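# sequence first, predicted coordinates after that:
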Amino acid sequence: MSDTDKPTFVATYDPEGERDARLSKRFYKVAASAKRDDGFAIALDERELKTPGRRAVRVPSAELGEAVAAEWEAQASHIDPSTMPRTRIVTTAIDRVALDNGPAIDEIVGYAGTDLVCYRADDPEELVALQGQAWDPLLEWFAEATGARLKATSGIIHVQQDDEALRQVALLLKEVDPISLTALHTLVTISGSAVIGLAMLKGHLDAKAAYAASRVDETFQINKWGEDQEAAERAAFHKVEFDAAAEVLGLLA
């Protein structure tokens, strides 16, 4: 089999869709991080991993290279992209975000405009208190970090955030490298909160605290009514993705 005929990793994966039953067979014996002049590559035997766009995979740290290589080394007889969130973050960053970071920035700013931590319950009082304990300090941190404030509301009433607050988010994001921005995008979309994601980016929150802050409502409902099996499975998948993105972000800090 020539290099051009060998299977190439495909980053696109829909966690809500059906898993592809025709997964590519593992075509290498050993996966490892390999130092190069321009960073760290992922060596699959004598080959180097490339993105779906046929670009060379390079990461800036040995630790991230090892984390990506470990996903490839962990594959059994077939390559399952759904088990490789770190690889997907890196290849998406190289193929898409590095070429144009605008869409990722715009989406994160959009989340800031309707941020989870800004929308509070009217009742019960216990949930209102739990939201305040978890989210009020994050809004204060955001104000200190950006010099702008996001407004909170309760119930279903929409609150229009000030343009200056959203502009500050965009300015901050423009300074973020492509891999970190891609990881941040994952954290924001899973948590529903740009504030939580930015707090992680800046080292204000670790992964455990951030995930807990994003699950205040769900945790309250589970404690009160119990957990639905389907919801639990979906949450478990998202937790794996969240932790992987948090690890990538941490390895680039």
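Sure thing, it's come through.

# show me where the protein has strands.
31-36, 39-44, 47-48, 119-120, 153-154 (DSSP state E).

# for Leu23, give me the pLDDT.
Note for Leu23: predicted pLDDT of 89.

# scratch that, Arg19
46.

# then Ile105?
98.

# counting neighbours, what do you get for the residue nearest to it when sequence neighbours are not counted?
Once flanking residues are discounted, Ile105 sits nearest to Leu173: 4.6 Å by CB to CB, 6 or more residues apart in numbering. For every residue, glycine as well, the C-beta is placed using N, CA and C. Using other CB atoms under 10 Å, Leu173 has 23 neighbouring residues.

# quick check, Leu173 in contact with Asp106.
No. With contact defined as CB atoms under 8 Å, Leu173 does not reach Asp106; the gap is 9.4 Å.

# can you give me the helices for the protein?
Assigned by DSSP state H, the chain shows helices spanning 62-73, 85-92, 102-113, 125-146, 163-173, 178-191, 194-201, 207-214, 216-225, 229-251.

# for Thr51, which of these is the nearest?
Proximity to Thr51 (CB to CB) singles out helix 85-92 among the helices of the chain, at 4.3 Å.

# deepest of the helices of the chain, which one?
With neighbours taken as mean count of other CB atoms under 10 Å, the helices of the chain reach their highest mean count in helix 194-201, at a mean of 27.

# give me the below-cutoff pLDDT ranges for the protein.
Across the chain, the ranges flagged by pLDDT under 70 are 1-22.

# can you list the domains in it?
1-84, 102-251 (automatic domain parsing).

# using TSV, lay out the ones you listed together with distance to Thr91.
Below are those laid out as TSV (distance: least, CB to CB, whole Å):
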stretch	distance to Thr91
domain 1-84	4
domain 102-251	9
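
# which one of these lies nearest to Asp95?
With respect to Asp95, and counting by CB to CB, the nearest of the domains of the chain is domain 1-84 at 4.1 Å.

# list the contacts for the residue lying closest to Tyr111 once chain neighbours are set aside?
The shortest distance from Tyr111 to any residue other than its chain neighbours is 4.3 Å, reached at Ala194 (CB to CB, 6+ apart). For Ala194, the contact set (CB atoms under 8 Å, 6 or more residues apart in numbering) comprises 108-109, 111-112, 115, 169, 188.

# Arg86: which of these is nearest?
Of all these, Arg86 sits closest to Val188, with 17.3 Å by CB to CB.

# mind listing what that closest one touches?
Contacts of Val188 by CB under 8 Å, 6+ apart are 107-108, 111, 194, 196-197.

# now the two most distant members of these.
Within the contacts of Val188, Glu107 and Ile196 form the most distant pair, 14.9 Å apart (CB to CB).

# and the closest residue to Thr146 other than its chain neighbours, how far from Ser154?
Nearest non-adjacent residue to Thr146, counting by CB to CB, 6+ apart: Gln168, 4.1 Å away. Per CB to CB, to the nearest Å, Gln168 is found 24 Å from Ser154.

# do the same with Thr182
To Ser154, Thr182 is 33 Å away according to CB to CB.

# gap between Val117 and Val68?
Counting by CB to CB, the gap from Val117 to Val68 is 31 Å.

# same question for Ser191.
The value you get for Ser191 to Val68, if CB to CB is used, is 23 Å.

# same check on Asp80?
15 Å.

# what's the answer for Gly197, then?
Using CB to CB, Gly197 is found at 21 Å from Val68.

# hmm, Ile196 is touching Leu187, no?
Yes. Counting by CB under 8 Å, Leu187 is a contact partner of Ile196 at 7.2 Å.

# give me the common contacts of the two.
What both Ile196 and Leu187 touch, as defined by CB under 8 Å, 6+ apart, is the set Ala210.
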